[in-house]
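Student: model the following, please.
(2 chains)
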Amino acid sequence: ETGVTQTPRHLVMGMTNKKSLKCEQHLGHNAMYWYKQSAKKPLELMFVYSLEERVENNSVPSRFSPECPNSSHLFLHLHTLQPEDSALYLCASSALGESRTFGPGTRLTVL
Amino acid sequence: GEDVEQSLFLSVREGDSSVINCTYTDSSSTYLYWYKQEPGAGLQLLTYIFSNMDMKQDQRLTVLLNKKDKHLSLRIADTQTGDSAIYFCAESLSGNTGKLIFGQGTTLQVKP
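Tutor: Below you'll find the predicted structure:
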């Protein structure tokens, strides 16, 4: 098990649902990231939080809403998603400027 | 622009060496990484190389960097069935958040 945990590991939701993905790290890192991994596409960086402040938002649709209440926790709130949003959502953390430790991911299916 | 490319699939026999290649476009890369992703799991950092190095060896893994050609390779000696996974190359651009650009990943299949 890595130092980054994600829950749930699998999620199936309808397009009208609201759900949240949770990420937790106990590595003392001060940066946290959300990535989207779709089939046959490169990993896409969605959001970066550094010292609990969002420093990067890569043109992600507003139906994805991140929240970083403290340096150990990161959420991704989901609402009115589309089927093309089905993917593996990976959380990662790092000390600033250092390599990332990834969580196991949440496999999301939008019906 | 920023782009990292890898071949999508490689098949080798157990005991052979595997070489996974990667090309990148941004010459301002500071670090280059190799990540491994096993089925149902997140990405695991395998190794990395600083952009002013041309080779790094770590047990069965050898990373070669040709900065002039912007070419990175990962060689796995004595490949085992447990090495079957997807391998991602990534480049880290300069800057405070160290933005990582990932390739699409190379699926390594190791046949017994």
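
Student: just checking: what are the partner strands of the least confident helix or strand in chain B by mean pLDDT?
Tutor: Using mean pLDDT, DSSP states H and E, the weakest-scoring helix or strand in chain B turns out to be strand B:100-102, at a mean of 86. The strands beside strand B:100-102 in its sheet (DSSP bridges) come out as strand B:85-92 (antiparallel).

Student: figure out how far stretch A:50-70 is from the centre of its chain.
Tutor: Computed by CA atoms, centre = their mean, to the nearest Å, the chain-centroid distance of stretch A:50-70 equals 9 Å.

Student: in that stretch, what counts as buried?
Tutor: For stretch A:50-70, the neighbour count (16 or more other CB atoms under 10 Å in any protein chain shown) marks A:50, A:60, A:64, A:66, A:68 as buried. Using the backbone N, CA and C atoms, a C-beta is placed for each residue, glycine as well.

Student: what's around residue B:84, how many residues?
Tutor: 17 (other CB atoms under 10 Å in any protein chain shown).

Student: for residue B:42, see how far away the closest residue to it other than its chain neighbours is.
Tutor: Among residues not flanking residue B:84 along the chain, residue B:110 sits closest, at 4.7 Å (CB to CB, 6 or more residues apart in numbering or on different chains). Applying CB to CB, to the nearest Å, the value for residue B:110 to residue B:42 is 21 Å.

Student: the two - which one has more neighbours?
Tutor: Between residue B:110 and residue B:42, counting by other CB under 10 Å, residue B:42 is the more crowded of the two (23 against 20).

Student: need the per-residue pLDDT for the more buried one.
Tutor: Model confidence at residue B:42, expressed as pLDDT, equals 86.

Student: hang on, it packs against residue A:102?
Tutor: Yes. Taking CB atoms under 8 Å as the definition, residue B:42 is a contact partner of residue A:102 at 3.8 Å.

Student: what is the distance between stretch A:26-36 and the centre of its chain?
Tutor: Mean-position distance between stretch A:26-36 and its chain equals 9 Å (CA atoms, centre = their mean).
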